[in-house]
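K.L.:
Generate a structure from the sequence data that follows.
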Amino acid sequence: MSLKIGIKWNESTRFTDNVTMKNIIKLTSYGQYNQTPTYHTNTAFTKDGRSLVFASARGNKSYIIRADVRSGDLIALYEAEGVGSRDYMHTFDYAEIGNGRGVCGNRLALAPQTGWAVFTHDKALLAVQIDTAVVRTLISDIGDEWVYGAPSISWDGTIIVVPISSAHPQIIHNERLYKRYIDYDNHSMKLLYISLTDGQIKEILSIKSCQCSHAAFCPTDHDLIYYDRNIPPRYWCGNDGGKTSRIWLYRVSTGKTWPLRTSYPGVFQVHAAWTWAGDAIAYHGFMRAEGYSSGIYIGLTNKNSLPIRDYQFPHVHSYGHLNPDPVRPALILDGDLMPGCLSWLFYDDVVPRIELICRHDTQWESMPGQYSHPHPQSDAAGKYICYNKAESGRSDVLVVEI
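P.N.:
Numbering: from 1, shown residues only. Below you'll find the predicted structure:
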């Protein structure tokens, strides 16, 4: 199914969640994958919450698409002659859909204020205006030796930060793979700071023996960023056994950087996201220290790494992501405490409270990479939550009305 840029179509369906009776809008029905941006705060919906962006693969092409949440109307904004992400081909050793020459949601971020959606395509970093489909090239070729992480856009829509990390040495040289990406201990990372107004690029941070997949601006302060510091021997699978924080903060104007947490729990975070007010970072991880062999923790710290909440669930064994709710003192979870469900974890008390939002029932292992991961995210008014659902080896984008 080949799409035409700027031409509107609709393939949506609607149904009611059979547990909470909330209305669900299924925006897509076709394609190999349909994937929203990741769990990072405020990167999927427009400012008014009426539209969202996602990536889609149809046949041997992939697209950046804008969806009207209320009507279900879709408009293709950008077309790539390929499927899957080059960045994931390298870091996950070819564990990807397609040839890696397409676009994916994990490398896509929308600036709600300006309507520019920034994304990676092969070795380029691009931006498309979601109202006009005008495309700008920010970086034409990052080089064979680098792969991109997820881009982030400052609260005023003027600056992009994007991490880059070493590419897989064997894939660069077209060699037969016999060594995993994480088996190399000499990867390097950089953070690039890019002006959307004049295109100027600055390298603001460079670290040896480190890999970075995510960097995210504070929603209220474009001088403050958090980023992954994935270090050998296990990188994003656990760093150095939980001794070193995965998430670090970086003050651009001073060059100061510091760990999100230095004490258990929370030393190695699996995922993290800013609160909408920009005053705290929520995170979660596995309890693999202090005598625990399983379980998870969920917490929040302020910008100075002082703990706000620490919740420990030693008997929980599931996996998921979190994203802060914009109007509730709650985190949106997609599996940690209620597998197969979207739920709120309210953190306004020392005792956490859980509330079901709806079922997502994604088939986690049915697709490579993260196309099956729900990655829930709310609009700014807290009226909609978008998520991805995989079933029978393909994925769709859905929205639940709150």
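K.L.:
residue ranges with poor pLDDT in this structure?
P.N.:
Scanning the chain for pLDDT under 70 picks out the ranges 1, 289-293.
K.L.:
How far does the lengthiest helix in it sit from its chain's centre?
P.N.:
Ranked by residue count under DSSP state H, the longest helix found in the chain is helix 86-91. In this view, helix 86-91 has its centroid 15 Å away from the chain centroid, taken as CA atoms, centre = their mean, to the nearest Å.
K.L.:
how about it as CSV, C-alpha atoms only?
P.N.:
C-alpha atoms of helix 86-91 as CSV (Å, rounded to 0.1, in the frame of the first residue of the first chain):
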residue,chain,number,x,y,z
ARG,A,86,19.4,1.8,10.7
ASP,A,87,20.0,2.8,14.4
TYR,A,88,18.4,-0.3,15.7
MET,A,89,20.1,-2.5,13.0
HIS,A,90,23.4,-1.6,14.6
THR,A,91,22.7,-1.5,18.3
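K.L.:
In terms of secondary structure, what does it contact?
P.N.:
strand 146-148 (3 or more CB pairs under 8 Å, 6 or more residues apart in numbering; DSSP states H and E). (Glycine included, C-beta is placed from N, CA and C.)
K.L.:
The strand it packs on pairs with which strands?
P.N.:
strand 159-166 (antiparallel) (DSSP bridges).
K.L.:
Tell me which residues are up against the helix or strand following the partner strand.
P.N.:
Using DSSP states H and E, the helix or strand that follows strand 159-166 towards the C-terminus is helix 169-172. Residues outside helix 169-172 that contact it (CB atoms under 8 Å, 6 or more residues apart in numbering) are M89, H90, Y94, D144, E145, R176, L177, Y178, K179, Y184.
K.L.:
repeat for stretch 263-270
P.N.:
Taking CB under 8 Å, 6+ apart as the rule, stretch 263-270 contacts 238-239, 242-247, 260-261, 283-290, 297, 299, 301, 307, 310, 312.
K.L.:
Restricted to buried residues, select these in PyMOL.
P.N.:
Selection command for PyMOL covering only the buried members of the contacts of stretch 263-270, criterion 16 or more other CB atoms under 10 Å:
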select buried, resi 238+239+242+244+245+246+247+260+261+283+284+285+286+287+288+297+299+301+310+312
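K.L.:
Which of the contacts of stretch 263-270 fall in strands?
P.N.:
I247, Y283, H284, G285, F286, Y297, G299, T301, P307, D310, Q312 (DSSP state E).
K.L.:
which one among the residues you listed gets closest to T362?
P.N.:
H284 (18.0 Å; CB to CB).
K.L.:
Provide a list of residues in contact with that closest one.
P.N.:
H284 is in contact with Q269, V270, H271, I296, Y297, I298, G299, G320, L322, D336, counting by CB under 8 Å, 6+ apart.
K.L.:
check contacts around I153.
P.N.:
T43, A109, L110, A111, W116, V118, I159, I160, L196, F217.
K.L.:
Tell me the most packed of those residues, by neighbour count.
P.N.:
L110 (29 neighbours; other CB atoms under 10 Å).
K.L.:
and that one, bridged to which residues?
P.N.:
Bridge pairing for L110 - DSSP bridges - gives A117.
K.L.:
wouldn't it be in contact with K47 here?
P.N.:
No: taking contacts as CB atoms under 8 Å, L110 lies outside contact range of K47: 9.7 Å.
K.L.:
so how many other residues sit close to the nearest residue to T36 once chain neighbours are set aside?
P.N.:
With sequence-adjacent residues excluded and distances taken as CB to CB, 6 or more residues apart in numbering, T36 is closest to F54, at 4.6 Å. F54: 27 surrounding residues under other CB under 10 Å.
K.L.:
Residues contacting stretch 10-24, please?
P.N.:
Taking CB under 8 Å, 6+ apart as the rule, stretch 10-24 contacts 25-30, 71-74, 356-359, 398-402.
K.L.:
Could you export the ones in strands among the contacts of stretch 263-270 as a markdown table, including distance to K123?
P.N.:
Output for the ones in strands among the contacts of stretch 263-270, formatted as a markdown table (distance: CB to CB, whole Å):
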| residue | distance to K123 |
| --- | --- |
| I247 | 27 |
| Y283 | 31 |
| H284 | 33 |
| G285 | 32 |
| F286 | 34 |
| Y297 | 38 |
| G299 | 37 |
| T301 | 36 |
| P307 | 40 |
| D310 | 41 |
| Q312 | 43 |
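K.L.:
tell me which of these is nearest to I201?
P.N.:
After measuring those against I201 - CB to CB - the closest member comes out as I247, at 24.3 Å.
K.L.:
show me what contacts the closest one?
P.N.:
Y226, Y227, D228, R229, P259, L260, R261, Q269, A272, I281, Y283.
K.L.:
which ones are touching the third one?
P.N.:
By that I understand D228. G149, P163, Q211, C212, S213, H214, A215, W236, R246, I247, W248.
K.L.:
From those, pick the one nearest Q363.
P.N.:
Nearest member of those to Q363, counting by CB to CB, is W236, at 22.6 Å.
K.L.:
Tell me the spatial nearest neighbour of the closest one, not counting adjacent residues.
P.N.:
Here the residue nearest W236, using CB to CB, 6+ apart, is N230, at 4.7 Å.
K.L.:
related to what we said a few turns ago, which of the contacts of H284 sits closest to S253?
P.N.:
Q269 (24.8 Å).
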